[in-house]
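Engineer: Just need the structure, nothing else, for what follows:
(one chain, ligands or ions: 1)
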Amino acid sequence: MSLLSMRDVDAYYGRAQILDRVTMHVDRGDCVAVLGRNGVGKTTLINSLLGIATVRAGSVEMDGKPCLKIRNFDAAHRGISIVPQGRRIIGALTVQENLVLGAASRRKGPWTLSAVYDLFPVLRERADTSGTALSGGQQQMLAIGRALMANPELLILDEPSEGLAPVIVDQLIDMLNALAKSGTSILLVEQNIAFVRDVVKRYYVLSKGRVIEEGPMDGVPIEKLRQHIAV
Ligand SMILES: Nc1ncnc2c1ncn2[C@@H]1O[C@H](COP(=O)(O)OP(=O)(O)OP(=O)(O)O)[C@@H](O)[C@H]1O
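Structural biologist: A predicted model of the protein is given here:
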């Protein structure tokens, strides 16, 4: 059974239909990318899990159980952690306080404050700093660390490489590969093909709200992927 499964999902904002019969899945231990140009519906796919976009047809299941209109907190309870586009670090809180927020669901697992600090030592050094005083790369580490604090089975990252220097993107690749190896399932929404190719096993391409292509990442020519993506 898939960990996350979407079947024939139509999703809307108000009357505007954004997703059109989207079918995709993430298995346990899977690492999957959703690719596509700006505005094709990638974030909406995540939002349709959270009830931010309205699902009017089709089904969304987590572990075989319906998974619709769950808020972020319920999602964390059910083992889904999301690293949102733009990171949404809370500047009024310190780095450590931002991380502790991530553990609010009290799910048990390997990720504790000290485990996150071991993964990202710079966060330990800056534990008492305001979360938004960090550099872009450090804020992305903080957003990922905060998501891991919920001990997710499925980690969803929305354009994590956006705005990061190439050297930081390389660190992100190593970190996501290590996470995938440790058994965390990963769903990556991205436009950076080089980044995606070094991380995921399978991919889906969205265009105008539809899945127009899918398959294993291994051996796919980069030109074939590039034609689907703006940059
Ligand atoms: N809250 C909203 N209300 C109405 N329309 C929205 C809302 N959020 C997004 N849209 C529209 O839905 C479409 C899909 O947006 P979405 O954010 O899912 O695209 P995306 O593929 O993630 O693009 P990007 O890479 O730019 O984030 C776009 O046309 C966008 O303008």
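Engineer: beta partners of V83?
Structural biologist: Note on V83: beta-bridge partners L157, judged by DSSP bridges.
Engineer: Please verify my assumption that it contacts M149.
Structural biologist: No. Because the distance of 11.7 Å does not satisfy CB atoms under 8 Å, V83 is recorded as not touching M149. To be clear about C-beta, it is placed using only N, CA and C from the backbone, and glycine gets the same treatment.
Engineer: Residue numbers of this structure in contact with the ligand?
Structural biologist: 13, 16, 18, 36, 38-44 (CB under 6 Å from any ligand atom).
Engineer: make it 8 Å
Structural biologist: Contact residues (CB under 8 Å from any ligand atom) of the chain with the ligand: 13-14, 16, 18, 36-45, 47, 52-53, 85, 158-159, 189, 191, 206, 209.
Engineer: from those residues, which ones fall inside helices?
Structural biologist: 42-45, 47 (DSSP state H).
Engineer: could you flag which of those are buried?
Structural biologist: For those, a burial check counting by 16 or more other CB atoms under 10 Å picks out 42-45, 47.
Engineer: Looking at V83 and M149, which is more packed in?
Structural biologist: M149 (25 against 22; other CB atoms under 10 Å).
Engineer: Chain neighbours aside, what residue packs nearest to the more buried one?
Structural biologist: Leaving aside its chain neighbours, M149 sits nearest to G102 (3.2 Å; criterion: CB to CB, 6 or more residues apart in numbering).
Engineer: Quick check, pLDDT for that neighbour.
Structural biologist: Looking at G102, its pLDDT reads 85.
Engineer: what about it, how many neighbours?
Structural biologist: Residues contacting G102 under the criterion other CB under 10 Å number 23.
Engineer: Distance of it relative to the ligand?
Structural biologist: Separation of G102 from the ligand (CB to the nearest ligand atom, to the nearest Å) stands at 23 Å.
Engineer: Ok, D30 next?
Structural biologist: Distance from D30 to the ligand, by CB to the nearest ligand atom: 21 Å.
Engineer: Start the count at 467 instead of 1 going forward.
Structural biologist: Let's use 467 as the start, then, which means that last one is D496.
Engineer: if we can go back for a sec, can you tell me which of the residues of the chain next to the ligand are in strands?
Structural biologist: Among these, the ones falling in strands (DSSP state E) are 479, 482, 484, 624, 655, 672.
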